[in-house]
Structure formats: structure tokens, C-alpha cells
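Engineer: Make a model of this:
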Amino acid sequence: MAESLQSQLRKHLVALSAAGVEFVPIAPPAPVRLFQSSPNESAPDPDADRRRQLQTVASEAAKCDRCAGLFATRTQVVFGGGPMSPDILFLGDAPGADDDRDGHPFRGEAGALLDKILGAMGLSRAEVYLTTAIKCRPPRNRPPTADECGNCRGYLDRQLELVRPRAICCLGETAARALLGMSGNIRTLRGQTHDHAGTPVVCTYHPQEVVQNAALKRPVWEDMLRLLKLLGRTPPPKS
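Structural biologist: Numbering: from 1, shown residues only. Okay, the predicted model is just below:
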């Protein structure tokens, strides 16, 4: 029968004692090796290619001169921005004076109101994509013409294809008509869910209209609730 390990160990210790060995050192624990990525390595960005393509579209729009009147009077092209694959992309009609100065859409009073609406929805400006149907400010903040929207449509289509929002919210009649190609006014376009290339679209009043007419707050909020429901979200409780 094979000798047990315990018996072998006892004999080994007796032999060591006979040889004058008074103690046996305990082996130190094996070193712990932690995997650490190289300082030059970083997590891959799955949206990197789309971001590069979107920047190319923005650069092309910045050089566009299709609308002679807008090209002659604009300060800069306001392309818009936000995260890739957001829950919501908000689409306005055109940059305003404040937008033209800052280079970002929805500034000024209308932008401040939009921020409040987003907060009530449980969102922030950083979580949504903001852009406009045309990228140049019309003189005296007039609404963009159908031709101007048509000239800019290619940039908008490529922008939507690359950003890939889960839903689109058209703010105002001009934006809704530009995107959907429909002739109805905002009263007939809101209150229902439209479709653009497989993406649900909700239309509502522009924040600037609400600034000028507080009675529009309720219908706008109804439209935001429709938008949240489409996304499977609910607004946070009121504080």
C-alpha cells in the first residue's frame, strides 16, 4: 500500500531534526499579477467612424454657398451637436441671432425654455442632439424658405443617418414641413406620431412660440409625454 503523504512528511521532519534543522521557513505567497493596459491604450470608440463622417459633413456645410443670400449675411454655419445614438434629436427651423453668435442651436430665451422642458422630462441638453433644418441664420431671423430648406436637405439627411436618434421632435411648423414634406400647419401635425425613414417623429410648437404665448405650454407638454411614451420613459416626479 502506498505510504500516506502524512507519514512521508513525518519521516521527512524527523530526518531534518536529526540533521540539526530546527525550523522550516514558510514559503512567501506568490506575487499577485494585475493586468493593466498600456497607458497608450484606451477603450475603442464604437462611434468613432460615424463621428469622423459627421465632421466631414459639417465641414462641407461650412463651405456651402448654395443660398446666396444666407451665404452673404451669415456669421458662421451652426451645424448642431450632441451625443451619437441619442434617445431624441430636436429639430428646429434655423439658427437665431444668439445661435449665430455662439455657434450652437437653441440659445437665448427659446433655449432657456427648452432646457426647462428637458429638465421636466428627466433629460439634460447634454443627453439630446440639437440641430436645425438649415444651418445658416436667415436675415432678421425670418423663417427659412422652402428653397433654402431644400438646399440644406442633403446635409440634414446625412446628419440624421449618422446620428441615428431613437426619435425626432420637430420644433415648429417649418421644421416639421422641412423634414416630413407635409403641408399641414403645426396644429394638425402635432398630436400624432409621424415617421421618417423608420424613426418616429413628434411635432410640437417651437419654444419661441411658447415664450410669446404661455397658453401653448400645455399642448407642448402633452407632446413631450407622447415622445417619452414612445421611448418607454416617464417623467420624474415633480419636486
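Engineer: Strands along this structure, start to end?
Structural biologist: For the chain, applying DSSP state E gives strands covering 88-92, 129-132, 167-171, 193-196, 199-204.
Engineer: Mean neighbour count, these: which tops it?
Structural biologist: strand 88-92 (a mean of 27; mean count of other CB atoms under 10 Å). C-beta: built from backbone N, CA, C; applies to glycine.
Engineer: List the neighbouring strands of it plus their orientation.
Structural biologist: strand 129-132 (parallel), strand 167-171 (parallel) (DSSP bridges).
Engineer: From the chain's centroid, how far away is the first one?
Structural biologist: Relative to its parent chain, strand 129-132 has a centroid offset of 10 Å by CA atoms, centre = their mean, to the nearest Å.
Engineer: for the protein, which helix is longest?
Structural biologist: helix 146-163 (DSSP state H).
Engineer: what packs against that helix?
Structural biologist: helix 48-62, strand 129-132, helix 173-180 (3 or more CB pairs under 8 Å, 6 or more residues apart in numbering; DSSP states H and E).
Engineer: Quick one: closest of those to P219.
Structural biologist: Nearest to P219 among the helices and strands packed on helix 146-163 is helix 173-180 (13.4 Å), distances taken as CB to CB.
Engineer: what's the angle from that closest one to helix 146-163?
Structural biologist: Helix 173-180 runs at 60 degrees relative to helix 146-163, counting by axes from the mean of the first three to the mean of the last three CA atoms, to 10 degrees.
Engineer: For helix 173-180, which helices and strands make contact with it?
Structural biologist: strand 88-92, helix 146-163, strand 167-171, helix 186-189, strand 193-196, strand 199-204.
Engineer: As JSON lines, the ones you listed with distance to L228 would be great.
Structural biologist: As requested, these are arranged in JSON lines below (distance: least, CB to CB, whole Å):
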{"stretch": "strand 88-92", "distance to L228": "9"}
{"stretch": "helix 146-163", "distance to L228": "19"}
{"stretch": "strand 167-171", "distance to L228": "9"}
{"stretch": "helix 186-189", "distance to L228": "19"}
{"stretch": "strand 193-196", "distance to L228": "12"}
{"stretch": "strand 199-204", "distance to L228": "10"}
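Engineer: Let me have these in JSON lines, adding mean pLDDT as columns.
Structural biologist: Formatted as JSON lines, these follow (pLDDT from 0 to 100):
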{"stretch": "strand 88-92", "mean pLDDT": "98"}
{"stretch": "helix 146-163", "mean pLDDT": "97"}
{"stretch": "strand 167-171", "mean pLDDT": "98"}
{"stretch": "helix 186-189", "mean pLDDT": "95"}
{"stretch": "strand 193-196", "mean pLDDT": "97"}
{"stretch": "strand 199-204", "mean pLDDT": "98"}
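Engineer: Please name whichever of these is nearest to K217.
Structural biologist: Between the helices and strands packed on helix 173-180, strand 199-204 lies closest to K217; by CB to CB that is 10.9 Å.
Engineer: Dump the helices and strands packed on helix 146-163 into JSON lines; add mean pLDDT and distance to D87 as well.
Structural biologist: Formatted as JSON lines, the helices and strands packed on helix 146-163 follow (pLDDT from 0 to 100; distance: least, CB to CB, whole Å):
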{"stretch": "helix 48-62", "mean pLDDT": "96", "distance to D87": "17"}
{"stretch": "strand 129-132", "mean pLDDT": "98", "distance to D87": "9"}
{"stretch": "helix 173-180", "mean pLDDT": "96", "distance to D87": "18"}
